[in-house]
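> Provide a 3D model corresponding to the input given below.
(2 chains)
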Number of protein chains: 2
Amino acid sequence: MAKEITDRAENYSQWYLDIVKKAGLAENSAVRGCMVIKPTGFAIWEMMKDQLDQMFKDTGHVNAYFPLFIPKSFLSKEAEHVEGFAKECAVVTHHRLMNNPDGPGVVVDPDAKLEEELVVRPTSETIIWNTYKDWIKSYRDLPLLINQWANVVRWEIRTRPFLRTAEFLWQEGHTAHALKVEAVEEAKMIHEVYARFAEDYMAMPVIKGAKSANERFAGALETYTIEALMQDGKALQAGTSHFLGQNFAKAFDVKYLDNNNKEQYVWATSWGVSTRLIGALIMTHSDDDGLVIPPRLAPLQVVIIPIPKPNEMIMAEAEKIVTLLKAKGISVKIDKDKKKRPGFKFAEYEMKGVPIRIGIGKRDLEKGELEIARRDTKEKMNVPIEGIEDYIANLLEEIQANLLARAKAHRAEYTTEASTYEEFKDAIANKGGFVLAHWDGTTETELKIKEETTATLRCIPDDSPIEEGVCIYSGKPSKQKVIFAKAY
Amino acid sequence: MAKEITDRAENYSQWYLDIVKKAGLAENSAVRGCMVIKPTGFAIWEMMKDQLDQMFKDTGHVNAYFPLFIPKSFLSKEAEHVEGFAKECAVVTHHRLMNNPDGPGVVVDPDAKLEEELVVRPTSETIIWNTYKDWIKSYRDLPLLINQWANVVRWEIRTRPFLRTAEFLWQEGHTAHALKVEAVEEAKMIHEVYARFAEDYMAMPVIKGAKSANERFAGALETYTIEALMQDGKALQAGTSHFLGQNFAKAFDVKYLDNNNKEQYVWATSWGVSTRLIGALIMTHSDDDGLVIPPRLAPLQVVIIPIPKPNEMIMAEAEKIVTLLKAKGISVKIDKDKKKRPGFKFAEYEMKGVPIRIGIGKRDLEKGELEIARRDTKEKMNVPIEGIEDYIANLLEEIQANLLARAKAHRAEYTTEASTYEEFKDAIANKGGFVLAHWDGTTETELKIKEETTATLRCIPDDSPIEEGVCIYSGKPSKQKVIFAKAY
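From the prediction side, this is the model:
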């Protein structure tokens, strides 16, 4: 099976599409730009969702659900927001079809035109803040800490499974606060949650930072981002958290009475991650043999393969191991198929990224051993059956740690500090990866650099030291290095 | 607070709306027919979803995700299906807005008209079977057992929160099988799962049966339904499972090679339950003081209220109890608010349907006791602190059982056997509830009865004995009694 995947070195973009297809993660649908998330891909999303949901609940948030549709006029209420989203949205204009009077099939019923068109939500700030208006009267109603798991639609021209699709699944948090400082703290706290999820669960190191004014979310005063580096040296924005100031509160007239009985506008945040994370996961860890999934997000952590075939003795032993592993909270299954050869099965589970494979054969059993193969390094080890559950539990942790370490090493290798524009251009054009450089803080310079090199300003990193410097492009003073890269 | 709810006896319909509002479950949104599911309501949906999802997985199903949009032409491919759904769907005709050239705001960009209009899914058979065409080639690809959690839109004219809304949340299972008998078995097995969920978790007794031809899902050969009886004597269809025959396989040309290498059309089922179940839950158990939630679906099972106020000694004891209950897997919180009086809190948690309330006061503590109040019967008991965790665990089970028993007794009281049309009309008009009667099996009779009495044929119950009889309406022969009722 592995041969069906294009090598990364040959064509990275095709490699990605091959993995998505051959590992059974997703496929294009009959609707332009919309994908079908297949069971294997959806199982990864469920793992991500469960973990993130728990993290949001642990930080005091609750879930709710708001309408799919947004009245067209709502979008216009926040000036920057409409600029950002009106250009690429699905518009519902009618509410009925009718039999085609001129032939077969159905046509739109012209009598069923809506008074006001509805937009399929590209993001829900407007419909949610219109709702919050009725929910928030007093400081006692605040903070309001709500998250929603939903589908959203943005009419993208060029799409790629998970990375950019017309419809995608995501979560969007929308919080309301009495004080500015509380909203800023919330946006930063979620920023930390996202970074923790990326590193601890996805084994994907991220740079935490703030977006430049030009790259901010439409309607935000500050956008915090986590930026990851893919294997091909391109950056991927993996999750953003926005401090929205009072923009939406003013647009939708959301005020509260403070404890001096004075009316105040409410402060807001919003934040989201999406099925895009599955694309990030693939491009961080996978290899030319298929998908690699970190154990903590693997829907199936261990597969047991009878060698050469399931027989009574082997199955009895396999079932014992299943019981031991399940007791440790490890997900495991036995491949009981009798028609496929072990070699075929090995390639199949490598393709699907199962972290550990256990082979059980007669000769190994006689020696009291099992053959263990780890997906990340492809090493094989003979391991005593005695104590196998602890061995596997430790190995899963080791694989998780190794994937993070490997991704960190890759990022370190592909991070360059440029002190001149020549160095900068050379790094962007020939090496790829993150390039740290001084920047004068203007959108003008940022856009010129983008125009000349295609690199975008990924973020102003939280941990970039304040220091005297000059902008690599304009030569004007700069106080801090920022990160540029070509990006997805 | 309780006074804010209309009594059921006075106006049942208003009582329902009051509960939905006062318990904070849902509210109407700015978009006609679409509701906002508020955190308290959504938490109940999450409980239902988690349980059902586990039941689907335990019976071999996996989740996936298919597009929100369906090309208009797909709907027409199955003749009955388009009849059933085309008349009430949201139609996307454009993919962009633009600044209004004649004033403020945005308008639909006429240049962004779609070549083919897209329908927002009212149900996903068509887009899914169009996908299955590529997934199914051989008998080895079958069965395909897939479920999807999604939002769907049906442009309803009269809406009511949870019971009938333009957008709602649901799950839809879509399975494909090699043999007819397998598809029928699947549809029946899910029918059992739904009934088990209704009785064991919702504490809502249901009648299992098949729909008459007239009431079948558009495109199904057989629809299995679970029918529940609400407190006002009206029936509510709570979940349906459809045997679709080869209708969708033929419409989308989905064939497999059998083990004789012969092409065969695939057999199909689909099945779904929705946020409508929340409406059913409310109308099965709640009372004039507010919501009543069966313990197995209660997001919060126990609330501890310090009396009269939280102080150090009371809080220390409360925290101990929380630890004990959590160790038993019971969800519990302490209401630490110091401003609200206990009486106010009691009414608030009654309104929200928390199954058990524990009051902790100084005098009770001195006696080594707690005051326990159960929501279902409103009884209060003084109970020793010693062994409280077992007492509460048992009481939760007792409440669960009592709610089911109560609902069963109500159903028994409101089930009438009618042997003449006079008796039938009298029962429907004056008593309400389920009416069992012989029916001649024709749609003609079914529709006349509906026209004359507004009662619909709910189902042909699985356990209705085969017996000689005559139709109460036409006097023609009948082999079995069926169930009629006015319905939601």
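> make it CA atoms for all contacts and neighbour counts henceforth
Noted.
> what's the burial count for A:Asp426?
For A:Asp426, the count of nearby residues is 14 (other Cα atoms under 10 Å in any protein chain shown).
> that one: which element?
According to DSSP states H and E, A:Asp426 maps onto helix A:421-426.
> show me which residues of that helix are buried.
For helix A:421-426, a neighbour-count test (16 or more other Cα atoms under 10 Å in any protein chain shown) marks A:421, A:423-425 as buried.
> ok, stretch A:155-166 next?
Per 16+ other Cα under 10 Å, stretch A:155-166 contains these buried residues: A:155-156, A:159-166.
> same deal with stretch A:108-123?
Going by 16+ other Cα under 10 Å, stretch A:108-123 has these buried residues: A:108-109, A:112, A:117-123.
> what segments of chain A are helices?
Assigned by DSSP state H, the helices in chain A fall at A:12-22, A:39-58, A:72-75, A:79-85, A:125-135, A:180-196, A:247-251, A:276-285, A:312-327, A:342-352, A:362-366, A:388-413, A:421-426, A:443-453.
> what does the third one contact?
Read it as helix A:72-75. A:81-82, A:86, A:116-119, A:126-127, B:105-107 (Cα atoms under 8 Å, 6 or more residues apart in numbering or on different chains).
> and the furthest pair within those?
Maximum pairwise distance in the contacts of helix A:72-75, criterion Cα to Cα, is 19.2 Å, between A:His81 and A:Glu116.
> closest to chain B among the buried residues of helix A:421-426?
Nearest to chain B among the buried residues of helix A:421-426 is A:Lys425, at 36.4 Å by Cα to the nearest Cα.
> once you drop chain neighbours, what's closest to the closest one?
Closest residue to A:Lys425 apart from its sequence neighbours, by Cα to Cα, 6 or more residues apart in numbering or on different chains: A:Thr453 at 6.6 Å.
> so what's that neighbour scoring on pLDDT?
Looking at A:Thr453, its pLDDT is 98.
> what about it, how many residues nearby?
16.
> from chain B, how far off is it?
30 Å (Cα to the nearest Cα, to the nearest Å).
> surely that residue and A:Asn430 touch.
No: using Cα atoms under 8 Å as the test, A:Thr453 is too far from A:Asn430 to be in contact (11.2 Å).
> hang on, the earlier thing: now pLDDT too, for the contacts of helix A:72-75, in JSON lines please.
Formatted as JSON lines, the contacts of helix A:72-75 follow (pLDDT from 0 to 100):
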{"residue": "A:His81", "pLDDT": "81"}
{"residue": "A:Val82", "pLDDT": "83"}
{"residue": "A:Ala86", "pLDDT": "80"}
{"residue": "A:Glu116", "pLDDT": "95"}
{"residue": "A:Glu117", "pLDDT": "96"}
{"residue": "A:Leu118", "pLDDT": "97"}
{"residue": "A:Val119", "pLDDT": "96"}
{"residue": "A:Thr126", "pLDDT": "95"}
{"residue": "A:Ile127", "pLDDT": "97"}
{"residue": "B:Gly105", "pLDDT": "89"}
{"residue": "B:Val106", "pLDDT": "92"}
{"residue": "B:Val107", "pLDDT": "94"}
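> distance to B:Asn63 added to these, as a markdown table?
Converted to a markdown table, these look like this (distance: Cα to Cα, whole Å):
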| residue | distance to B:Asn63 |
| --- | --- |
| A:His81 | 34 |
| A:Val82 | 35 |
| A:Ala86 | 32 |
| A:Glu116 | 35 |
| A:Glu117 | 33 |
| A:Leu118 | 29 |
| A:Val119 | 28 |
| A:Thr126 | 31 |
| A:Ile127 | 29 |
| B:Gly105 | 41 |
| B:Val106 | 38 |
| B:Val107 | 38 |
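> between those, which sits nearest A:Lys336?
A:Val119 (49.0 Å).
> show me what contacts that closest one?
A:69-72, A:89-92.
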